[in-house]
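Colleague: My questions concern the predicted model and sequence given below.
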Amino acid sequence: MTRNAVQLITYADRLAGDLPGLARLLATSPWSDAFGGVHVLPFFTPYDGADAGFDPVDHTQVDPRLGSWEDVASLADHGDVMVDIIVNHVSSDSEAYRDWCARGDESDAAGMFLTMSSVFPEGATEEELTRIYRPRPGLPFSPQIVAGERRLVWTTFTSQQIDIDLSHPRAQAYLDAILDAVSSAGASMVRLDAVGYAVKTPGTTCFMTPHTFDFIAEFTERARGRGVEVLVEVHSYYRRQVEIGAAVDRVYDFALPPLILHALATGDGDPLSHWLDVRPANAVTVLDTHDGIGVIDVGADQTAPDSPGLLPPADLDALVERIHASSGGSSLLATGAAASNLDLYQVNCTFYDAMGADDRAYLAARAIQFFTPGIPQVYYVGALAGRNDTDLLKRTGVGRDINRHHYSEAEIAEEVARPVVDALMRLCAFRSRFEVFDGDFAHSLAGGVLTLQWTSGEDDAVLEVDLASRRTRLAWTSAGVRGETTDLLTDPPSLT
């Protein structure tokens, strides 16, 4: 198995019920052949809070309903394990926050939680407040009662997620305790969730400032000391992503999904080809995640709108409208101001539905992802070519739940038998097991055909995608044996 094999992204409960169930699933075919690692989304206490586990009460404890740290460690028997570290905030139900709310300055946690006055001790002007970069509407403050006094607590995301001062000794000890727990359980990578917002500096955007880079560097050094790599999760302007990539172990390639959607819908591969020229190679590539399909990553710089993006505004608007049309309008019910959704820079939709549930086009998109340098990750709904779950959306009213289906064992067995899922699993296995993808990469665009090529010694793999027709050709040489397919759906590649 190559070091950069395909990884599965999944919630433990929504795919296999719990952590032991996930380990059993990953040990069986076709999952064991397809994936060389797994990113398990938050399994901490509680995994089903206000933000699906991203609001931990205790980040050092596995929710007992899902299993234990020993169960997390057992996942390492099946490959690399990535877990989340939520550095920006903790739950309003956490013991430390409750103690501070009750005792104020008498609490050991005094100073650990950020307020408007702790960041702006001299007060803030309208200009300073409006300069703060926001992922959601409104200002990042929530009124809370602390020791009988009304305070404005810093809450970047929701009022249940309380931002912490990362320079505070108790916060530093808290993060070290998390690193110790995940490294002891055999995790090889950690994902810094929402780290771009984690450091607040007066007079700045409070987003990916030099102080943020300093924190990432310091945290990465502590993680590496425990044998753990760091993946930085930031949705931002593409040039900033390149800068981030130069400073960290791994960075997400969030520009890839919208650029592939644009290329395969319009036949225009120039923006994608340009991105392949400049993107960081130390990326984790995705088409889908537990969040929506990001559009901010290919748009103009939100903090400097005169800096153009990878796609001009008209193309970006057309991309969003095509996703809504391709999904039969279901994504529109879950996106923007709809369904209590506050992530205005994302379109909530499964990637399969964003491709119009076109099996061959979907596999062409996955092939481009797998041939792009980096560690490929496939979200569990995408692994099963899942459709938008409008029933779950109606029940919860949460936009992102349209792409967070709960699968039963019977459903999984049924979905794996579908030709498109079988073909995707075989394509994953090809990408995971062919060591040519540790070699040298080249790409070209000519006559509307995108060509991606990997070479290692006498071995090679060449993908050609006619972007307008979405026809693909995949040819490879492995140990002197030549293979070729012109239909990923009916004739997926195989090294055997």
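Modeller: Done, it's in. All figures in this text were calculated on a predicted structure; none of them were measured in a lab. Numbering: from 1, shown residues only.
Colleague: In terms of residue numbering, what are the domains of the chain?
Modeller: Listed domain ranges for the chain are 7-89+167-437, 95-163, 438-485 (source: automatic domain parsing).
Colleague: Out of these, which is the most enclosed?
Modeller: domain 7-89+167-437 (a mean of 20; mean count of other CB atoms under 10 Å). Any C-beta I mention is one placed from the backbone N, CA and C, and that applies to glycine too.
Colleague: just the helices in the stretch 151-300 of the chain please.
Modeller: Assigned by DSSP state H, counting those that start in this stretch, the stretch 151-300 of the chain shows helices spanning 169-184, 210-224, 238-245, 256-266, 270-278.
Colleague: Throw those into CSV and include distance to F434, thanks.
Modeller: Shown next, in CSV, are those (distance: least, CB to CB, whole Å):
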stretch, distance to F434
helix 169-184, 30
helix 210-224, 29
helix 238-245, 25
helix 256-266, 20
helix 270-278, 20
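Colleague: May I see the ones you listed arranged in TSV, with mean pLDDT and distance to G17 as well?
Modeller: Output for those, formatted as TSV (pLDDT from 0 to 100; distance: least, CB to CB, whole Å):
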stretch	mean pLDDT	distance to G17
helix 169-184	94	22
helix 210-224	93	30
helix 238-245	88	35
helix 256-266	97	28
helix 270-278	98	38
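Colleague: which one of these lies closest to V6?
Modeller: helix 256-266 (14.5 Å; CB to CB).
Colleague: Now for R404: which residues touch it?
Modeller: R404 makes contact with Y11, R14, A52, H290, V381, D389, L392, according to CB atoms under 8 Å, 6 or more residues apart in numbering.
Colleague: same check, this time on S236
Modeller: Applying CB under 8 Å, 6+ apart, the residues near S236 are G196, F207, M208, I244, I296, D297, Q302.
Colleague: From V83, how far out is the closest residue to Q7 other than its chain neighbours?
Modeller: Nearest residue to Q7 in three dimensions, chain neighbours excluded: G37, at 3.9 Å (CB to CB, 6 or more residues apart in numbering). Note on G37: its distance to V83, by CB to CB, to the nearest Å, is 12 Å.
Colleague: and what of R433?
Modeller: R433 is 25 Å from V83, by CB to CB.
Colleague: quick one, strands of the stretch 201-350 of the chain?
Modeller: 229-232, 250-253, 283-285, 293-294, 346-347 (DSSP state E, counting those that start in this stretch).
Colleague: what's the closest of those strands to P492?
Modeller: Closest among the strands of the stretch 201-350 of the chain, using CB to CB: strand 283-285, at 19.3 Å.
Colleague: Show me what that closest one is in contact with.
Modeller: Strand 283-285 has contacts (CB under 8 Å, 6+ apart) with 7, 231, 245, 250-253, 256, 369-370, 372-377.
Colleague: Assign E484 to helix, strand or coil.
Modeller: strand (DSSP: H, G, I helix; E, B strand; the rest coil).
Colleague: pretty sure it contacts S478?
Modeller: No - using CB atoms under 8 Å, E484 is not in contact with S478; the gap is 11.9 Å.
Colleague: tell me the contacts of the spatially most central residue of the chain?
Modeller: When CA atoms, centre = their mean is applied to the chain, the residue found nearest the centroid is T289 (4.8 Å). Applying CB under 8 Å, 6+ apart to T289 gives the contacts I9, Q377, Y379.
Colleague: wait, W69 sits on L75?
Modeller: No - the criterion here is CB under 8 Å, and W69 misses it with L75 at 10.8 Å.
Colleague: can you pull up the bridge partners for the closest residue in space to F35 that isn't next to it in sequence?
Modeller: Setting aside the residues directly before and after it, F35 is nearest to L8 in space (CB to CB, 6+ apart), at 4.6 Å. Beta-bridge pairing for L8 (DSSP bridges): V38, V378.
Colleague: what sits against L8?
Modeller: L26, W31, A34, F35, G37, V38, H39, Q377, V378, Y380, A383.
Colleague: how close does it get to R395?
Modeller: Per CB to CB, L8 is found 26 Å from R395.
Colleague: Among the contacts of strand 283-285, list the two that are farthest apart in space.
Modeller: Every pair of the contacts of strand 283-285 checked by CB to CB; the farthest is G245 and F370, at 19.4 Å.
Colleague: What is the subsequent helix or strand relative to the helix or strand hosting D422?
Modeller: D422 belongs to helix 419-433 when assigned by DSSP states H and E. Following helix 419-433 in sequence order, the next helix or strand is strand 440-446 (DSSP H and E).
Colleague: now whichever helix or strand comes after that following strand: how far from the chain's centre is it?
Modeller: Where DSSP H and E defines the elements, the next helix or strand beyond strand 440-446 is strand 449-456. With CA atoms, centre = their mean, to the nearest Å as the basis, strand 449-456 stands 25 Å off its chain's centre.
Colleague: elements contacting strand 449-456?
Modeller: Packing partners of strand 449-456 (3 or more CB pairs under 8 Å, 6 or more residues apart in numbering; DSSP states H and E): helix 359-371, strand 440-446, strand 459-466.
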